[in-house]
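Q: only geometry, no sequence info:
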């Protein structure tokens, strides 16, 4: 199916088609033989989104299929309410198809939505222990730091191929199609990294190296020149600092503020050294295309008001040359009022899970609950001005929050248990033999009474109760 979608979207030669088929067979073999390695590779490839489907999406699609077939897709590990709201989202998508204008666009859009819904549920079931959490975070961090580094360098260093990593030579986008997707992609892992600097749980890296990665990611967000990404990151940082202060106003909270100030100095230094202040001021103002953006949003509201169940998945792009520039308006236009309610329910349910995890001190197997809450809040704000329904990192953060919500043990269980102190040796008074030494009244036996038939010897009392 994936290969058929690619062939339909692009006119490929037979040689490329055969190569793609061979690659698909090899990828399937990798997933079957080395499942966890395939997951790592999938996240390492997550920064490459120049074509659809992206390489990582092809691999994750195979991983999900193999997980379903082999029983590794464990639904009992996922909160039932999360499964219910995802199912409701798919149902309203199907119901809205009664009004579609282009079945090809509807099928393609719905299949992507279906894949991302399954991806979020799979993530919630896959991250079931510290080793899985560490695997996901490390691969995501590597992909994000690499993307931020090459995207930022491409703006100022004319190395071969640098033009394809920027938008018109003005905004960094790395191997993404759009800077407005590239910038927010760097934010969730940057928030997790900030928490890891002071409360290391899943990243066994030197603090100095973490600080370098933090600066690279922060500068990458800046040079995306995405106002939505800036809004996203600002809200997320405010929430992260607020949660840290409410949790405990201690040295770590003060250190967090210092690191954020370091990030601010890095931003100021990058702007000064690259001479980007004038372009930054220009990007901070209303742009000429904002009028088009607002017009598209008004059209989306009008369509939603006139169609109870919407016009169908992917149909807004059929009736309009521009996107809705809003997750919520797209849901309203394409799935009507039921779709808006379900999407809002998914957003609020996940937000509630994240808040409860922070209150209970329950992380996602080492991934900071505060960082996930901040990331989700930033994405929800971002979604007011950008259509994020097909952002893989949106569904990734949701899945990680659900995985943490499904945990029945506190985050403290990940810490090594304290060593039991050795029992004190009680020495008998001078002249008396130690108990059980063979010199006692029982002729070498302990003075413990023998076990009765109903009380077998060697069974702890707790086990007999």
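A: Received it, and whenever you're ready, just let me know what you need. Values in this document were obtained by computation on a predicted structure and should not be read as measured data. Numbering: from 1, shown residues only.
Q: so what's residue 314 closest to, chain neighbours aside?
A: Once flanking residues are discounted, residue 314 sits nearest to residue 109: 2.8 Å by C-beta to C-beta, 6 or more residues apart in numbering. The C-beta positions use only the backbone N, C-alpha and C, and glycine is treated the same way.
Q: which helices and strands does the helix or strand in which that neighbour is found pack with?
A: Assignment of secondary structure by DSSP states H and E places residue 109 within helix 103-126. Under the contact criterion of 3 or more C-beta pairs under 8 Å, 6 or more residues apart in numbering; DSSP states H and E, helix 103-126 touches helix 55-70, helix 80-95, helix 130-156, helix 392-405.
Q: that older thread, measure the residue nearest to residue 314 to residue 48 for me?
A: With distances taken as C-beta to C-beta, to the nearest Å, residue 109 is found 22 Å from residue 48.
Q: looking at those two, which one has more neighbours?
A: More neighbours surround residue 109 than the other of residue 109 and residue 48, with 23 against 17 (other C-beta atoms under 10 Å).
Q: where does that one land on pLDDT?
A: In this model, residue 109 is scored at 95, pLDDT.
Q: how much does the longest helix along the chain deviate in direction from helix 392-405?
A: Counting by DSSP state H, the longest helix found in the chain is helix 327-360. Interaxial angle of helix 327-360 relative to helix 392-405 (axes from the mean of the first three to the mean of the last three C-alpha atoms, to 10 degrees): 30 degrees.
Q: now helix 327-360 and helix 103-126, what's the angle there?
A: Using the same axes, to 10 degrees: helix 327-360 against helix 103-126 is 0 degrees.
Q: now the next helix or strand after helix 327-360: buried residues?
A: Sequence-wise, the next helix or strand downstream of helix 327-360 (DSSP H and E) is helix 369-382. Across helix 369-382, burial judged by 16 or more other C-beta atoms under 10 Å covers 369-380, 382.
Q: and residue 220, what element?
A: Element membership for residue 220 (DSSP H and E) is helix 207-223.
Q: show me where pLDDT drops low in the protein?
A: Within the chain, the stretches with pLDDT under 70 are 1-13, 249-253, 265, 270-289, 408-465.
Q: how is it partitioned into domains?
A: 1-73, 77-409 (automatic domain parsing).
Q: report the angle between the helix holding residue 109 and helix 130-156.
A: On the basis of the same axes, to 10 degrees, helix 103-126 is oriented at 130 degrees to helix 130-156.
Q: how far is helix 103-126 from where the chain is centred?
A: Centre-to-centre, helix 103-126 and its host chain are 16 Å apart (C-alpha atoms, centre = their mean, to the nearest Å).
Q: just want the angle from that helix to helix 55-70.
A: Using the same axes, to 10 degrees: helix 103-126 against helix 55-70 is 70 degrees.
Q: any idea of the angle helix 103-126 forms with helix 80-95?
A: Inter-element angle recorded for helix 103-126 and helix 80-95: 170 degrees (by the same axes, to 10 degrees).
Q: for the longest helix of the chain, packing partners?
A: Helix 327-360 packs on helix 80-95, helix 290-306, helix 316-319, helix 369-382, helix 392-405, going by 3+ C-beta pairs under 8 Å, 6+ apart.
Q: buried ones in stretch 89-98, by neighbour count?
A: 89, 92, 93, 95, 96, 97.
Q: ok, so of those residues, who is nearest residue 143?
A: Closest approach to residue 143 among the buried residues of stretch 89-98 (C-beta to C-beta): residue 89, at 27.0 Å.
Q: is it true that residue 319 touches residue 306?
A: No: Residue 319 is beyond contact range of residue 306, at 11.7 Å (criterion: C-beta atoms under 8 Å).
Q: of these two, which one has the most company?
A: residue 319 (13 against 10).
Q: how about that one, what does it touch?
A: Counting by C-beta atoms under 8 Å, 6 or more residues apart in numbering, residue 319 makes contact with 101, 299, 303, 311.
Q: excluding its backbone neighbours, what's nearest the second one?
A: Taking C-beta to C-beta, 6+ apart, and ignoring the residues beside it in sequence, residue 299 has residue 320 as its nearest neighbour in space, at 5.9 Å.
Q: that neighbour against residue 298, yeah?
A: No: in this structure, residue 320 is not within contact of residue 298 by C-beta under 8 Å, at 10.7 Å.
Q: looking at the two, which is more packed in?
A: In this view residue 320 and residue 298 are compared by other C-beta under 10 Å, and residue 320 has more residues nearby, 16 against 11.
Q: quick check: the closest residue to residue 85 other than its chain neighbours vs residue 173, distance?
A: Nearest residue to residue 85 in three dimensions, chain neighbours excluded: residue 346, at 4.7 Å (C-beta to C-beta, 6+ apart). Counting by C-beta to C-beta, the separation of residue 346 from residue 173 is 28 Å.
Q: more crowded one of these two?
A: residue 173 (27 against 20).
Q: I figured the more buried one was touching residue 224, is that so?
A: Yes: using C-beta under 8 Å, residue 173 is in contact with residue 224, at 7.0 Å.
Q: is it true that residue 95 touches residue 309?
A: Yes: counting by C-beta under 8 Å, residue 95 touches residue 309, with 5.4 Å between them.
Q: list residues touching both of those two?
A: When C-beta under 8 Å, 6+ apart defines a contact, the residues bordering residue 95 and residue 309 alike are 335, 338.
Q: out of the contacts of residue 319, who's nearest residue 43?
A: For the contacts of residue 319, the closest approach to residue 43 (C-beta to C-beta) belongs to residue 311, at 34.9 Å.
Q: now do the contacts for the closest residue to the closest one other than its chain neighbours.
A: Spatial nearest neighbour of residue 311, excluding adjacent residues (C-beta to C-beta, 6+ apart): residue 99 at 4.9 Å. Neighbouring residues of residue 99 by C-beta under 8 Å, 6+ apart: 307, 309, 310, 311, 312, 315.
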